[in-house]
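In: give me the fold of what follows.
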Amino acid sequence: MNAPLAKGEVAVPKYDVAAFYDTTSMDGGSFSPDGSKFLASLDASGVFNLYEVSLSGAAPRQLTHSSSRALFAVEYFPRDERYLYLADSEGDEATHLYVVDEDHAVRDLTPGENVKANFLGWGENDSTFYVTSNAREASLFDVYSYRTEDYGAELIFRNPGAFVPEDVSPNGRWIALGRSNSATDSDIYVARVGNPHQEERLVTPHMGSVSHRFLGFGSDSRVLHYATDEYGEFEEVWTLDMETGERAPSMARSGDIWDVIFSRSGRFRAATIDEDARTTVQVDDTTMGRSLPLLGLPPDASVSTYGFDREEKRLALRVSSDREAPNLWIADLDSGRTHRVTSNMTTHVDLSALVSAVGVRYPSFDGLEIPALLYRPKISSSAQQSAAVVVVHGGPGGQSRVGYDPVLQILASHGYVVLAINNRGSSGYGKTFEELDNRRHGDIDLKDCVWAQRYLASLPGVDGERVAIMGSSYGGYLVVAAMAFEPEVFAAGIDIFGVTNWLRTLESIPEWWGPERAALYDEMGDPKTDHVRLRAISPLFHTDQIRRPLLVVQGANDPRVLRAESDELVAALRSRGTPVDYVVFDDEGHGFQKKRNRIAAAEQYLKFLDEYLQGRHR
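Out: The predicted structure follows:
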């Protein structure tokens, strides 16, 4: 029998953790050649497999049946129903490119131990496709042209170093290359395919630190589209005429333009824009010079693009919100009307029990306003204050964003107030904000976490003595840093594959990061020259200061944050008698791909918080 409600209390059912994961996560692919279906990755089976999603309303049809490895859709072939997908080995990030023929035979197109490959795109007349691979040299990616007919491969760009291949022009003559000079400075180069001397030509000369990011070639291969922050706080889209060298502004907004894609002829352009932790899409008819409205989308949705069909009649969209799992939607480019194709949300949770984020700003130690998303539980009581959790995103340049997150909904449904913060160094709020933490990690961004606790404590209905902090990857680092360097602020911490020893992490960066290593060293510090500072901000060397309970969660195959990071942290805390729980998933890497493991991890989060924030161990 349920206890009677106190005055001011709202009755909301408490669902178990698994109910919030009774959703189908979705990743994109492409329209089929005839436009009747869409290739997608769904985890309905418990791990990502490939599915054929009918656009006429029939249930998705499973195409692959992996029970262990996650398989991620790339695209259908342009003229038949063969398709490509990417897969690694249980989270090691060494992805290979596979093809599935029409007789369902599977072939690894990029075999080899420690090989990492990716798909770049289709060549002229669809007779070839392009692939990047580090098979020749672990730290460098070359570009290969594969024949569509028999998969014969030819090396067309031998990477001399420092470059990241981005794309091959539709006519097959140019390769776009990215180059990171520092954390805040990057360039775009082009190389001519077939040039026996292979010269890389800089196409973004500039003064000072400016970011340049390749977006795509025009359909005629003459125009190159790129994003740059040279002219303001946010990235704008510019064009470069490959023949004349003329540059021109193309698109600017009061937020970063993340991506721009074009339909086959270039008539339609779809741009995804970051608008204060929510993604919006603008579709333009470039021949008419006008924007197309997208009608019928949920007003609170975060929307991004999957791609156009070959006939330039439809655009596939990814649509989600705090209370709705991502779904495939289709936009008609003639009318602008949209409709939902998939139904990926659970039916086992009353949607009215879910909460939507409220965008807030809170002052940090120096008065800087820090953006955050506040989730208040629908369980509310005037008689009892709630415990709370500060959630820190990964990165360091990531962003807490609007969208369905089972963990946040689980916490809110069990009465926790959640504040997902965008501490300085986060993306989406201008280059000045993003660069504020450079070489000051574990210092001013940690202070932002501390002041998040103060902000929560100032809110009505929040018990400031019962605030925990949780985060993954770089967010996990800030969790352990908070427990070590600000040991009295948070009542407990949840570290999900977080860095604890920056010296080892920076020295063990996977080889395939190649030239991007220099940009990371510029932002975080070089372990050879910044040894003293990096050691000082590494919590592993300060475990004697950690006194509050800590939960550590780790993937055994993580190539970015090695298991040794968590093993040594836990061993040090246990040797001192500090309360610490430890969960290791033997078949996961940097992020959990299997649904059963995501559920198991979330159950541990809730159990830990209930134990240490609900008074039984205080």
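In: quick one: the strands in the stretch 1-150 of the chain?
Out: Secondary structure of the stretch 1-150 of the chain (DSSP state E, counting those that start in this stretch): strands at 26-31, 37-42, 49-54, 61-62, 71-76, 83-87, 96-100, 106-108, 117-122, 128-133, 142-147.
In: between these, which gets nearest to Gly255?
Out: Each of the strands of the stretch 1-150 of the chain has some distance to Gly255 by CB to CB; the shortest is strand 26-31, at 22.2 Å. For glycine as for every other residue, the C-beta is placed from the backbone atoms N, C-alpha and C.
In: thinking again about what came up before, need the strands of the stretch 1-150 of the chain in JSON lines (columns: mean pLDDT and mean neighbour count).
Out: As requested, these are exported to JSON lines (pLDDT from 0 to 100; neighbours: other CB atoms under 10 Å):
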{"stretch": "strand 26-31", "mean pLDDT": "91", "mean neighbour count": "23"}
{"stretch": "strand 37-42", "mean pLDDT": "97", "mean neighbour count": "24"}
{"stretch": "strand 49-54", "mean pLDDT": "97", "mean neighbour count": "22"}
{"stretch": "strand 61-62", "mean pLDDT": "96", "mean neighbour count": "12"}
{"stretch": "strand 71-76", "mean pLDDT": "97", "mean neighbour count": "22"}
{"stretch": "strand 83-87", "mean pLDDT": "97", "mean neighbour count": "22"}
{"stretch": "strand 96-100", "mean pLDDT": "98", "mean neighbour count": "20"}
{"stretch": "strand 106-108", "mean pLDDT": "97", "mean neighbour count": "12"}
{"stretch": "strand 117-122", "mean pLDDT": "96", "mean neighbour count": "18"}
{"stretch": "strand 128-133", "mean pLDDT": "97", "mean neighbour count": "22"}
{"stretch": "strand 142-147", "mean pLDDT": "97", "mean neighbour count": "19"}
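In: what does the pLDDT read for Met1?
Out: For Met1, the pLDDT comes out at 31.
In: who's in contact with the one helix or strand Tyr612 maps to?
Out: Per DSSP states H and E, Tyr612 falls inside helix 595-613. Residues from elsewhere that reach helix 595-613, judged by CB atoms under 8 Å, 6 or more residues apart in numbering: 17-18, 20-21, 25, 43, 46-47, 387, 389, 406-407, 410-411, 414, 416, 466, 468, 470, 491-492, 494, 496, 549, 551, 553, 579, 581, 583, 585, 587-588, 592, 617-618.
In: and for stretch 203-214?
Out: Contacts for stretch 203-214 (CB under 8 Å, 6+ apart): 166-167, 176, 178, 182, 184-190, 224-230, 235, 240, 431.
In: rewinding a little: could I get the buried residue list for the helix holding Tyr612?
Out: The neighbour-count check on helix 595-613 (16 or more other CB atoms under 10 Å) flags 595, 597-602, 604-606, 608-609, 611-613 as buried.
In: out of the strands of the stretch 1-150 of the chain, flag the one nearest Thr244.
Out: strand 117-122 (24.7 Å).
In: now do that closest one against strand 96-100, angle only.
Out: 60 degrees (axes from the mean of the first three to the mean of the last three CA atoms, to 10 degrees).
In: quickly run through the sheet partners of strand 117-122, with directions.
Out: Neighbouring strands of strand 117-122 in its sheet, by DSSP bridges, are strand 128-133 (antiparallel).
In: neighbours around Glu113, how many?
Out: Using other CB atoms under 10 Å, Glu113 has 6 neighbouring residues.
In: I'd like the distance between it and Gly161.
Out: 22 Å (CB to CB, to the nearest Å).
In: and Ser386, what does it touch?
Out: Counting by CB under 8 Å, 6+ apart, Ser386 has contacts Pro377, Ile379, Ser380, Gly415, Tyr416, Val417, Gly461, Val462, Asp463.
In: what does Asp259 give?
Out: Leu215, Ala271, Thr272, Ser304, Thr305.
In: circling back: let's see the helix holding Tyr612 as PDB, backbone CA atoms only.
Out: What follows is helix 595-613, C-alpha atoms only, in PDB (Å, rounded to 0.1, in the frame of the first residue of the first chain):
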ATOM      1  CA  LYS A 595      22.300  -2.100 -24.000                       C
ATOM      2  CA  ARG A 596      22.600  -4.700 -21.200                       C
ATOM      3  CA  ASN A 597      25.800  -2.900 -20.100                       C
ATOM      4  CA  ARG A 598      24.200   0.500 -20.200                       C
ATOM      5  CA  ILE A 599      21.400  -0.800 -18.100                       C
ATOM      6  CA  ALA A 600      23.800  -2.500 -15.600                       C
ATOM      7  CA  ALA A 601      25.800   0.700 -15.300                       C
ATOM      8  CA  ALA A 602      22.800   2.900 -14.700                       C
ATOM      9  CA  GLU A 603      21.600   0.500 -12.000                       C
ATOM     10  CA  GLN A 604      24.900   0.900 -10.300                       C
ATOM     11  CA  TYR A 605      24.600   4.700 -10.600                       C
ATOM     12  CA  LEU A 606      21.200   4.700  -8.900                       C
ATOM     13  CA  LYS A 607      22.200   2.200  -6.300                       C
ATOM     14  CA  PHE A 608      25.300   4.200  -5.400                       C
ATOM     15  CA  LEU A 609      23.400   7.500  -5.100                       C
ATOM     16  CA  ASP A 610      20.600   6.000  -3.200                       C
ATOM     17  CA  GLU A 611      23.100   4.500  -0.700                       C
ATOM     18  CA  TYR A 612      25.200   7.600  -0.100                       C
ATOM     19  CA  LEU A 613      22.700  10.500  -0.700                       C
END
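In: please renumber the chain so that the first residue is 36 from this point on.
Out: With 36 as the first residue, the last one maps to helix 630-648.
In: picking up where we left off before, take the contacts of stretch 238-249 and keep only those in strands.
Out: 201-202, 211, 213, 221-225, 259-263, 275 (DSSP state E).
In: list buried residues within those.
Out: 201-202, 211, 213, 221-225, 259-263, 275.
In: helices along the stretch 486-635 of the chain, start to end?
Out: 509-520, 537-542, 551-559, 566-571, 598-610, 630-648 (DSSP state H, counting those that start in this stretch).
In: among those, which comes closest to Phe176?
Out: Of the helices of the stretch 486-635 of the chain, nearest to Phe176 by CB to CB is helix 551-559, at 10.7 Å.
In: and the contacts of that closest one?
Out: Under CB under 8 Å, 6+ apart, the answer for helix 551-559 is 199, 215-219, 221, 431, 473-474, 476, 537, 541, 544, 548, 569.
In: which one of the residues you listed is nearest Leu597?
Out: Using CB to CB, the contacts of helix 551-559 come closest to Leu597 at Ile544, 10.6 Å.
In: ok, for that closest one, nearest residue in space, not its chain neighbours?
Out: Arg552 (5.5 Å; CB to CB, 6 or more residues apart in numbering).
In: dump the strands of the stretch 36-185 of the chain into TSV; add distance to Met286 as well.
Out: As requested, the strands of the stretch 36-185 of the chain are exported to TSV (distance: least, CB to CB, whole Å):
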stretch	distance to Met286
strand 61-66	22
strand 72-77	27
strand 84-89	30
strand 96-97	38
strand 106-111	26
strand 118-122	30
strand 131-135	32
strand 141-143	39
strand 152-157	22
strand 163-168	26
strand 177-182	28
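In: one step back: so which of the ones in strands among the contacts of stretch 238-249 is the closest to Asp311?
Out: So of the ones in strands among the contacts of stretch 238-249, ranked by how close each gets to Asp311 (CB to CB), first place is Ala262, at 18.6 Å.
In: now that closest one: how far from Asp291?
Out: Separation of Ala262 from Asp291 (CB to CB): 8 Å.
In: can you check which residues contact both of those two?
Out: Joint contacts of Ala262 and Asp291 (CB under 8 Å, 6+ apart) are Glu270.
In: closest to the centroid, which residue in this structure?
Out: Gly433 (7.7 Å; CA atoms, centre = their mean).
In: which ones are touching Pro195?
Out: Pro195 touches Gln233, Glu235, counting by CB under 8 Å, 6+ apart.
In: at 6 Å instead, please
Out: For Pro195, the contact set (CB atoms under 6 Å, 6 or more residues apart in numbering) is empty.
In: next one: Ser573
Out: Residues in contact with Ser573, defined by CB under 6 Å, 6+ apart, are Asn536, Trp537.
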